[in-house]
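**Student:** Need a 3D model of the sequence below.
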Amino acid sequence: MPETLERPPADAVSTLPGAPVIRRIRRLLYAAGATAILYGVLGTAGKGGCPGGVSGDGGFVDANGAATDVVPMCVNLTLRPSPIVYAVIVVIVLIAISRVLRSADSEVAAFRTLDRAAIVIVAVTLAWAALALVSFLSIDVSAWDGVRPFPYPDFTFGSIDIDVTPMQTGTE
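**Tutor:** Take a look at the predicted model:
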């Protein structure tokens with residue numbers, strides 16, 4: 001019985017019109033997904049501090065080093081990725097695909113649009129992550145006195161969770 005194939009093997013390059021553009025769109029989606037995952041890792045950080053502490057006799061001291069009966073408060077800051085970046089990635093992908101559908105007059109023009117979109121996604125995401133880390137690291141935890149509420153930064157490029165808790169002395 002002769003072997004007949006109604007369709008080419010899976011590893012064969014498709015002869016479908018537009019297949020190269022579809023492959024380039026798939027590559028853009030892979031780049032966008034990998035960039036989003038990388039941003040999730042790079043856009044996360046944490047730091048904290050406790051103004052005051054424990055004295056040699058087991059009592060507490062405040063931020064100025066004076067003895068106190070009040071347990072000092074500690075602050076932990078956690079930087080999380082901004083959802084804005086994920087939305088920007090999606091918008092760039094959608095705009096690139098729309099531009100290809102509307103105005104690309106050749107495969108080369110479509111490739112150029114899709115490749116530029118991938119570059120913009122990576123550049124915007126890396127710049128945003130760098131700015132988020134710099135703005136987060138510029139927050140001075142040691143300036144907090146431990147009494148007033150922790151001052152929330154005016155503007156950061158990420159989402160910051162602030163957790164104020166009593167100091168854990170290890171004797172509880």
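**Student:** Output the below-cut-off pLDDT ranges for the protein.
**Tutor:** Counting by pLDDT under 70, the chain contains low-confidence ranges at 1-14, 154-156, 170-172.
**Student:** longest helix in it, by residue count?
**Tutor:** Using DSSP state H, we find that the single longest helix of the chain is helix 107-137.
**Student:** Name the next helix or strand downstream of that helix, please.
**Tutor:** strand 159-166 (DSSP states H and E).
**Student:** What residues of that following strand count as buried?
**Tutor:** Buried residues in strand 159-166, counted by 16 or more other Cβ atoms under 10 Å: Ile160. Quick note: C-beta positions are derived from backbone N, CA and C, even for glycine.
**Student:** can you check stretch 75-87 too?
**Tutor:** Val75, Asn76, Leu77, Thr78, Leu79, Pro81, Ser82, Val85, Tyr86.
**Student:** What helices and strands are in contact with the longest helix of the chain?
**Tutor:** helix 19-42, strand 45-49, strand 73-80, helix 83-103 (3 or more Cβ pairs under 8 Å, 6 or more residues apart in numbering; DSSP states H and E).
**Student:** The last one: how far from the chain's middle?
**Tutor:** Yep, that's helix 83-103 we're talking about. Offset of helix 83-103 from its chain centre (Cα atoms, centre = their mean, to the nearest Å): 18 Å.
**Student:** Could you check the angle the longest helix of the chain makes with strand 45-49?
**Tutor:** Orientation check (axes from the mean of the first three to the mean of the last three Cα atoms, to 10 degrees): helix 107-137 against strand 45-49 gives 10 degrees.
**Student:** Mind listing what's buried along helix 107-137?
**Tutor:** Buried-residue list, helix 107-137, by 16+ other Cβ under 10 Å: 110-111, 113-114, 117-118, 121-122, 124-125, 128-129, 132-133, 135-136.
**Student:** and the angle for it with helix 83-103?
**Tutor:** Using the same axes, to 10 degrees: helix 107-137 against helix 83-103 is 170 degrees.
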